[in-house]
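Trainee: quick one, structure for this:
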Amino acid sequence: MQRTSKKKDVEVRESSSDNDSENSDPVDSCSSKEPIASGSSSPYHFVFNHAKNGELYDLLRSLGKFNEEMSLFYITEIVEALFFIHKCRVVHRDLKPENILLGADWHIIISDFGSAKLVGNEEQEQLESQEAAELRAQGQTRGSFVGTAQYVSPEVLQTQLAGYEADFWAVGAILYQMLTGQVPFRANNEYHIMRRVMNLQYEFPEGLPDDAKDLVSKFLVLEPEKRLGSIAMGGQEVIRKHPYFKPIDWDNVPSMTPPKFTHLLPPNWESEHGVPNSNPEMEPGLCEDAVNRMMGFGKYAAQPEPPPLTQEQLDELKLAAQRDQNVFHKFVKDNLIIKFGFIDKKKGLFARRRMFLLTEGPHLFYVDPVSMQLRGEVPFSKELRVEAKNFRAFFVHVPGRTYILFDPERNAKKWCDAIEEVRQKYFGDPVDDPQPFTTGSVDEIVLGHDEGSLELEN
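Mentor: This next block holds a predicted model:
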């Protein structure tokens, strides 16, 4: 296919026609448009897609983890992109959140094909096979490998040829990271990460949806031919039919709308992680300024500090994370939790263990952690008093009642300080002539409260 050009213009080459596909590069025939540079006497121009919102990795790091809606949306786009790449007979081999970019519309762009492999390239496969055979004959593995340890497949670590299945292993690791905020295989160094990969040593935290866990476990399979997505397991269609993807209309994935989450991002997100639009005053050609831009030196120049987040903005970010991650949030009337923990609440001869939740408002709720029911609330007022009796026991005095509490972690003083700080924030200094505290020695009150004989409700 012939390329034509004009001076100072960048031409776009359309993909090959069906008649030319046998003689053209398979990767080229899968690309609808390819930017090229032209012009014999003028500088060459390189044209790239603009991934305005940076890397998926930065988004994950800022949010901690994705909720179920975000995880489903982004893993669907990644899988659909892989289907297209594999149709072009290309194995990416280094799929990871850092290589998945986000456009201005928050859709993904898969990047960095520097480690990619063209399936059917006999010369490349022959060289890799010879290298692998020599290493295995010597009882060795590769000193280095293609990919990143946390996402690389076992067959690559074992010096075997990597097929399409290697990319699906990475999909399993990425989905795990989206749902939990951590990679599945974690260790202090690359060697121990590789050992964990080879031994399939990972665990699911509690609370993950069963369909998501099943999908991850079917991607993270040691034998590539038994991995979901392999030809032996039914190929791409089996992935599409997995229960995790039940809400997805695969015929309309490109037109899916990204979930709304930008309100959870800090105000300076775009300046820190996004890619700015080009400067209209930027001069063409290679000069010192251009080198500084390409090498990133401009990032270290003195720049005005972004305005710090206000306390209100910080609290809103914390509250958003709390809504998504704390199972006790439903009991606190959408207030920000300041301190929470298990406390033994004495009533009569027994103490019952409760989850105490100190929140803005102010409120001090207590919940039965077994039945997950709200059992009550300590009323806040200007007259409320706290009294630490020892490391474990403390009282909360309110008009007409004293709550007798025991901290199993022996941090009674910290609870008293936190409660008093909240009381002062909302009610100011204590009254001049408070009511006298409940009389009685702590030994008398603690008598009968044995940590080993707590009455825990079923």
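Trainee: going by C-alpha atoms from here, please, whenever you check contacts or count neighbours.
Mentor: Fine.
Trainee: below-threshold pLDDT in the stretch 51-200 of the chain: ranges please.
Mentor: 121-147, 159-160 (pLDDT under 70).
Trainee: in terms of secondary structure, what does the longest helix seen in the chain contact?
Mentor: The residue-count maximum for a helix in the chain (DSSP state H) belongs to helix 68-87. With contacts taken as 3 or more CA pairs under 8 Å, 6 or more residues apart in numbering; DSSP states H and E, helix 68-87 sits against strand 108-110, helix 165-180.
Trainee: relative to helix 165-180, how tilted is that helix?
Mentor: On the basis of axes from the mean of the first three to the mean of the last three CA atoms, to 10 degrees, helix 68-87 is oriented at 170 degrees to helix 165-180.
Trainee: and Gly234, what is it in contact with?
Mentor: Leu228 (CA atoms under 8 Å, 6 or more residues apart in numbering).
Trainee: do the same with Leu102
Mentor: Listed by CA under 8 Å, 6+ apart, the contact set of Leu102 reads 51-56, 108-109.
Trainee: in the stretch 351-458 of the chain, which spans are helices?
Mentor: Counting by DSSP state H, counting those that start in this stretch, one finds helices in the stretch 351-458 of the chain at the ranges 412-427, 442-446.
Trainee: which of the ones you listed is buried the deepest?
Mentor: Of these, the one with the most neighbours on average (mean count of other CA atoms under 10 Å) is helix 412-427, at a mean of 17.
Trainee: CA atoms of that helix as PDB?
Mentor: Written as PDB, here are the backbone C-alpha positions of helix 412-427 (Å, rounded to 0.1, in the frame of the first residue of the first chain):
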ATOM      1  CA  ALA A 412      -9.300   3.000  78.100                       C
ATOM      2  CA  LYS A 413      -7.500   6.400  78.300                       C
ATOM      3  CA  LYS A 414      -7.500   6.800  74.500                       C
ATOM      4  CA  TRP A 415     -11.300   6.200  74.400                       C
ATOM      5  CA  CYS A 416     -11.800   8.800  77.200                       C
ATOM      6  CA  ASP A 417      -9.600  11.300  75.400                       C
ATOM      7  CA  ALA A 418     -11.400  10.800  72.000                       C
ATOM      8  CA  ILE A 419     -14.900  11.100  73.600                       C
ATOM      9  CA  GLU A 420     -13.900  14.300  75.600                       C
ATOM     10  CA  GLU A 421     -12.400  15.900  72.500                       C
ATOM     11  CA  VAL A 422     -15.700  15.400  70.600                       C
ATOM     12  CA  ARG A 423     -17.700  16.700  73.500                       C
ATOM     13  CA  GLN A 424     -15.600  19.900  73.700                       C
ATOM     14  CA  LYS A 425     -15.800  20.400  69.900                       C
ATOM     15  CA  TYR A 426     -19.600  20.500  70.000                       C
ATOM     16  CA  PHE A 427     -20.400  21.700  73.500                       C
END
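Trainee: residues making contact with that helix?
Mentor: Outside helix 412-427, the residues that touch it by CA under 8 Å, 6+ apart are 339, 358, 360, 362, 380-382, 384-388, 390-394, 406, 430.
Trainee: can you read off the pLDDT for Arg353?
Mentor: pLDDT for Arg353: 92.
Trainee: ok, it to Lys346 distance?
Mentor: Look at Arg353 and Lys346: by CA to CA, to the nearest Å, they are 9 Å apart.
Trainee: please apply the same query to Asn326.
Mentor: As judged by CA to CA, Asn326 and Lys346 stand 26 Å apart.
Trainee: before we move on, what about Ile239?
Mentor: Distance of Ile239 to Lys346, computed by CA to CA: 54 Å.
Trainee: and for Leu384?
Mentor: In terms of CA to CA, Leu384 sits 18 Å off from Lys346.
Trainee: how about Leu264?
Mentor: Counting by CA to CA, the gap from Leu264 to Lys346 is 40 Å.
Trainee: show me which of those two is the more surrounded one.
Mentor: Lys346 (20 against 16; other CA atoms under 10 Å).
Trainee: doesn't the more buried one belong to a strand?
Mentor: Yes - looking at Lys346 with DSSP: H, G, I helix; E, B strand; the rest coil, it is inside a strand.
Trainee: for it, which non-adjacent residue is spatially closest?
Mentor: Computed as CA to CA, 6 or more residues apart in numbering, the closest residue to Lys346 that is not its neighbour in sequence is Ile404, at 5.5 Å.
Trainee: isn't that neighbour up against Leu349?
Mentor: No - between Ile404 and Leu349 there is no contact under CA atoms under 8 Å: 11.5 Å.
Trainee: give me the more crowded residue out of those two.
Mentor: Looking at Ile404 and Leu349 with other CA under 10 Å, you find the greater number of neighbours at Ile404, namely 18 against 12.
Trainee: show me what contacts that one?
Mentor: Contacts of Ile404 (CA under 8 Å, 6+ apart): 345-347, 393-396.
Trainee: swap in Asn390?
Mentor: By CA under 8 Å, 6+ apart, the neighbours of Asn390 are 412-413.
Trainee: try 10 Å this time
Mentor: 406, 410-413, 442 (CA atoms under 10 Å, 6 or more residues apart in numbering).
Trainee: for the stretch 51-200 of the chain, just list every one of the helices.
Mentor: Going by DSSP H, counting those that start in this stretch, the stretch 51-200 of the chain shows helices at 56-63, 68-87, 122-137, 154-157, 165-180, 190-198.
Trainee: now stretch 379-395: buried residues?
Mentor: 380, 382-389, 392-395 (16 or more other CA atoms under 10 Å).
Trainee: show me the two of those that sit farthest apart.
Mentor: Lys382 and Arg392 (25.0 Å; CA to CA).
Trainee: remind me which residues of the stretch 251-400 of the chain are low pLDDT?
Mentor: For the stretch 251-400 of the chain (pLDDT under 70), the answer is 268-307, 309.
Trainee: can you get me the start-to-end distance on stretch 394-413?
Mentor: Stretch 394-413 has its terminal residues 8 Å apart, counting by CA to CA.
Trainee: my read: Val253 touches Ile75, true?
Mentor: No - using CA atoms under 10 Å, Val253 is not in contact with Ile75, being 11.3 Å away.
Trainee: which parts of the stretch 351-458 of the chain are strands?
Mentor: Ranges of strands within the stretch 351-458 of the chain are 363-368, 373-378, 385-388, 393-398, 401-406, based on DSSP state E, counting those that start in this stretch.
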